[in-house]
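In: sequence first, then the predicted structure:
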2 protein chains.
Amino acid sequence: MTAFYQKLDHAWTTNNSLLMVGLDPDTQRFPAELDNRPDAIFEFCRAIVDATAPYACGFKPQIAYFASQRAESQLEGLCDYIREKYPTLPIVLDAKRGDIGSTAEHYAREAFERYCADAVTVSPYLGYDSIAPYLSWSDKGVIILCRTSNAGGSDLQFLDVDGEPLYLRVATLVAEKWNRSGQCGMVVGATFPKELAAVRQRIGNEVPLLVPGIGAQGGDIQATVTAGGNTGGTGLMISSSRAILYASQGDDWREAAARVARETRDAINAFR
Amino acid sequence: MTAFYQKLDHAWTTNNSLLMVGLDPDTQRFPAELDNRPDAIFEFCRAIVDATAPYACGFKPQIAYFASQRAESQLEGLCDYIREKYPTLPIVLDAKRGDIGSTAEHYAREAFERYCADAVTVSPYLGYDSIAPYLSWSDKGVIILCRTSNAGGSDLQFLDVDGEPLYLRVATLVAEKWNRSGQCGMVVGATFPKELAAVRQRIGNEVPLLVPGIGAQGGDIQATVTAGGNTGGTGLMISSSRAILYASQGDDWREAAARVARETRDAINAFR
């Protein structure tokens, strides 16, 4: 088993959790005590990490929220903090990069050298040679968009390709060709449990699926676990961000985040 | 005509050029005089901009090269510089973003507020609602990946969808639905002139095409202009990066970049 799969498997088992805590720091929704702090983004995320780490199988910072706020150095600090304090919990950098090989090499360096993420999300639209530069980092994971959780995902992903939808063709490409080194995962939204089941069937038992869309986006937990889990009762990184991060804007925001993370983990475990 | 189309049209006409100079700063290929300068990336790009501006219809910074080198502030400075010194030349931020709506809003702020780009490149894989947040910036352009210049692009883009390849379906979606506001462009690689002609036919006369792949990637200039140009002899942002940026690593690197940019512009104009 490759390093990323191993780290993830260890986190699933040790923390008894399939919950991936998404870090989407929206300063407009921060608690008042962080007002006017120059490092508010770091401090908010660090507190969320500390509050939710006992209930998580990893953390998924969404880089767009840092980039729009000129906060790359805070993201660096956050990744350093997670790696130091919770070294067994993987960091998935949610970046959805997709570019030609020479450019992808630079994005891989951004994800794996600068932020030292354990895995990064990427788009399949440019094909295998846009994914290969990430795979050359043999201890890292590469999580490929397949069936996304948004309504518009159907515009392309549901197009019929020789009798099956495009997203399933992407799953087939990953299963049969792109994942020879055993580093790939796939993104499938919780809002589409039938498609999640189809991808799990196509991709086999070992490939981890990153599943956004529960919580704020409305995906059903039972359907997600039943459709996407593997035979070992793992195989999923079920991502929740806003429902945990903004569980309370009062003084109890840390405790509220911890409570929602614990409840979400337990709700997931009830169906494993 | 929307603001982005107007600005581009003005640049095409005023500078008599369809050449978009790509800014992919690879420090390993920098001239020796920039060694050990903390602002080497900014200084290199600024010199390239000054050297090539008379021959260009705009500039296309590739954000991956800045992100891998922790150089976002140098990219900000570079965009400021271009906007101040060459206000008529559009800045296309090459970022190939693609994410759900709430995240896309943050990427749009990154491109249009932080870097003040005139346009940004995006991926179509997540569908219309992943593009819409960029379009809500009505004075900005949104350039959608269609047929990319890399070999692996065929993995998805050539899949057969109801009798035509996926990339043409994307062109149809843009032509018929996504571009109602007249802000969209499309990316089609110079390495595939037949596909370039098919996209131009499908998308109509007005939509600008960003065409990477001449120079280092081997695309043919005559075939590109013939296949992709519109009836007015414009319609193209033909991108060249490495061939210009690294024309010389000697003391004459500025002059060499200017010469290659002028020659490329002239080679393009010979076929308009």
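Out: All right, it came through fine.
In: count the neighbours of A:Phe4 for me.
Out: 24 (other Cβ atoms under 10 Å in any protein chain shown). Backbone N, C-alpha and C define where each C-beta goes, glycine included.
In: excluding sequence neighbours, find me the nearest residue to it.
Out: A:Gly141 (3.3 Å; Cβ to Cβ, 6 or more residues apart in numbering or on different chains).
In: partners of the one you found in the sheet?
Out: As for beta bridges, A:Gly141 partners with A:Ala119 under DSSP bridges.
In: quick one: it and A:Ala119, what's the gap?
Out: A:Gly141 sits 3 Å away from A:Ala119, going by Cβ to Cβ, to the nearest Å.
In: please say which of those two ends up with more neighbours.
Out: Shown here are A:Gly141 and A:Ala119; by other Cβ under 10 Å, A:Ala119 has more neighbours (30 against 26).
In: list the contacts for the more buried one?
Out: Each residue near A:Ala119 by Cβ atoms under 8 Å, 6 or more residues apart in numbering or on different chains is listed here: A:Phe4, A:Pro90, A:Ile91, A:Val92, A:Leu93, A:Lys140, A:Gly141, A:Val142, A:Ile143, A:Gly185.
In: below-threshold pLDDT in chain A: ranges please.
Out: A:216-217 (pLDDT under 70).
In: show me which helix runs longest in it.
Out: When chain A is parsed with DSSP state H, its longest helix is helix A:253-269.
In: what's in contact with that one?
Out: A:16-19, A:21, A:31, A:47-48, A:50-52, A:54-56, A:214-215, A:221, A:224-225, A:236, A:238, A:240, A:243-245, A:247-248, A:250.
In: which of the residues you listed are buried?
Out: Among the contacts of helix A:253-269, the ones that count as buried by 16 or more other Cβ atoms under 10 Å in any protein chain shown are A:17-19, A:21, A:31, A:47-48, A:50-52, A:55-56, A:214-215, A:221, A:224-225, A:236, A:238, A:240, A:243-245, A:247.
In: isn't A:Thr14 up against A:Thr88?
Out: Yes - contact criterion Cβ atoms under 8 Å: A:Thr14 and A:Thr88 qualify, at 6.3 Å.
In: what segments of the stretch 101-250 of chain A are helices?
Out: A:101-109, A:128-135, A:154-157, A:166-173, A:193-203, A:221-228, A:242-245 (DSSP state H, counting those that start in this stretch).
In: as TSV, those with distance to B:Glu105 would be great.
Out: Formatted as TSV, the helices of the stretch 101-250 of chain A follow (distance: least, Cβ to Cβ, whole Å):
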stretch	distance to B:Glu105
helix A:101-109	21
helix A:128-135	25
helix A:154-157	19
helix A:166-173	24
helix A:193-203	25
helix A:221-228	26
helix A:242-245	13
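In: which stretch among the ones you listed comes nearest B:Pro61?
Out: helix A:101-109 (11.8 Å; Cβ to Cβ).
In: and that closest one, what other elements does it pack with?
Out: Contacting helix A:101-109 under the criterion 3 or more Cβ pairs under 8 Å, 6 or more residues apart in numbering or on different chains; DSSP states H and E are the following elements: strand A:92-97, helix A:128-135, helix B:63-67.
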